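1. can't give you the sequence, but here's the structure:
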């Protein structure tokens, strides 16, 4: 399991996160997603700790804490949902709405 860290400063780097979370145990990995087009950090990250107890301690201590001028949102990461090839979203074929005109 990993930890979701949200509301990060766009100036944050992987080493910064590793240092903060290392205070609560062993940091196994840090993923800091970047925007494909701009290369800029997207404002969230995933941190994997050595044990569940270390993860819990980090979440308890850091959720809501101010860091780099922002209040962090820290919790257990939710499993990634499978997305269809159209980029997600619910398909409703009941004939109502959808944003497409059926007139030709």
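-> Yep, it's here. Remember, it's a predicted structure, so these values are computed and weren't measured experimentally.
2. bridging residues for residue 46?
-> residue 4, residue 31 (DSSP bridges).
3. which residues touch it?
-> 2, 3, 4, 5, 29, 30, 31, 77 (CB atoms under 8 Å, 6 or more residues apart in numbering). Placement of C-beta: from N, CA and C, glycine included.
4. near the nearest residue to residue 43 once chain neighbours are set aside, how many other residues are there?
-> Using CB to CB, 6 or more residues apart in numbering and skipping the chain neighbours, the partner closest in space to residue 43 is residue 8 (5.2 Å). Applying other CB atoms under 10 Å, we find 20 residues neighbouring residue 8.
5. cool, and the one 10 residues further on?
-> With neighbours defined by other CB under 10 Å, the count for residue 18 comes to 13.
6. what of residue 7?
-> 13.
7. just the pLDDT at it, thanks.
-> Residue 7 is assigned a predicted lDDT (pLDDT) of 98.
8. surely residue 59 meets residue 75?
-> Yes: with contacts counted by CB atoms under 8 Å, residue 59 reaches residue 75, the gap being 6.1 Å.
9. sorry, back to before: contact partners for the residue nearest to residue 43?
-> By CB under 8 Å, 6+ apart, residue 8 lies in contact with 17, 41, 43, 44, 45, 68, 70, 72.
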